[in-house]
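J.: Make a model of this:
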Amino acid sequence: MVSRAFCIPGIVLLFAAFVLSFLTSISLPYLTALDITRTHYGNGLSAPDTSSNVPTIKELRFGIWAACVYEADNGHRICGPSKHAYTVTIFDPTNTKDSVEIASSWTRGLAIHPVATVVTFIAFVLSFSNHVTVTLLSSIVSFLAALLTLIAFAIDIALYAWVHHEMRKLPGSVNTNTGPGFWLTFVALILLLLAGCTVCFGRRRERMSGSSYGNSYQMTPKRRFWPFNRN
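T.: Predicted coordinates for the structure are as follows:
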């Protein structure tokens, strides 16, 4: 009963972590608000020739599966093809020979997000079991999911740092920030660590409770039988 009181919060934490991780794994171009990194162009990026058909870009967002640009005039969204390890190239409007490229090597690692989501779901399913071994396995899988989420979060940090560094090469007011998906990953990491510790503590309390019962049973004094009278 004591261990179950610890396992129920663990189930809730795992479910919340799974939902956050799942939403982040979908990301752009399917969930437009849950990007990892976004860059705002203060005055917009456009070709110096105003008669050209090149739209003015107001914002660029990096997701798990694609990057999307938003036009300054009407906010129309244009996304690249959805795939693993995409590349984004932004040209300097004042000098079209120069460009800023975010290569696929910086977006390839984002695919670890759905892997962490799957492992989190497995830990969530295992947490419903009352079996001692399965409960312990659920705690181990929770920490494994936390490790994968930590790696994913480190990749998000690296992507943000590189985009921030490269976009500063463009002229004008350029501001790069972390997106909502970045922080959802961080929250999912904290929830997974708490869930793993909660299930682990519940297992430990159950073992200590059983051990205390066994010790109290063994400490019961035994009645001795003396075949002869001491006198």
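J.: dump the residue contacts of the closest residue to Val141 other than its chain neighbours.
T.: If you skip the residues right next to it in sequence, Val141 has Ala123 as its closest partner in space, 4.0 Å away by Cβ to Cβ, 6 or more residues apart in numbering. C-beta here means a position set from N, CA and C on the backbone, and glycine is covered the same way. Residues touching Ala123, when contacts are defined by Cβ atoms under 8 Å, 6 or more residues apart in numbering, comprise 14, 138, 141-142, 144-145, 192, 195-196.
J.: Dump the residues you listed into JSON lines; add distance to Phe22 and neighbour count as well.
T.: Compiled in JSON lines, the contacts of Ala123 are given as follows (distance: Cβ to Cβ, whole Å; neighbours: other Cβ atoms under 10 Å):
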{"residue": "Leu14", "distance to Phe22": "12", "neighbour count": "30"}
{"residue": "Ser138", "distance to Phe22": "18", "neighbour count": "27"}
{"residue": "Val141", "distance to Phe22": "16", "neighbour count": "23"}
{"residue": "Ser142", "distance to Phe22": "16", "neighbour count": "31"}
{"residue": "Leu144", "distance to Phe22": "17", "neighbour count": "17"}
{"residue": "Ala145", "distance to Phe22": "12", "neighbour count": "31"}
{"residue": "Leu192", "distance to Phe22": "13", "neighbour count": "31"}
{"residue": "Ala195", "distance to Phe22": "15", "neighbour count": "31"}
{"residue": "Gly196", "distance to Phe22": "18", "neighbour count": "23"}
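J.: Tell me, how many residues neighbour the spatially closest residue to Ile102 that is not a sequence neighbour?
T.: Computed as Cβ to Cβ, 6+ apart, the closest residue to Ile102 that is not its neighbour in sequence is Val88, at 4.4 Å. As a burial measure, the neighbour count of Val88 was computed by other Cβ atoms under 10 Å and equals 21.
J.: again, but for Ala152
T.: Residues lying near Ala152 (other Cβ under 10 Å) number 27.
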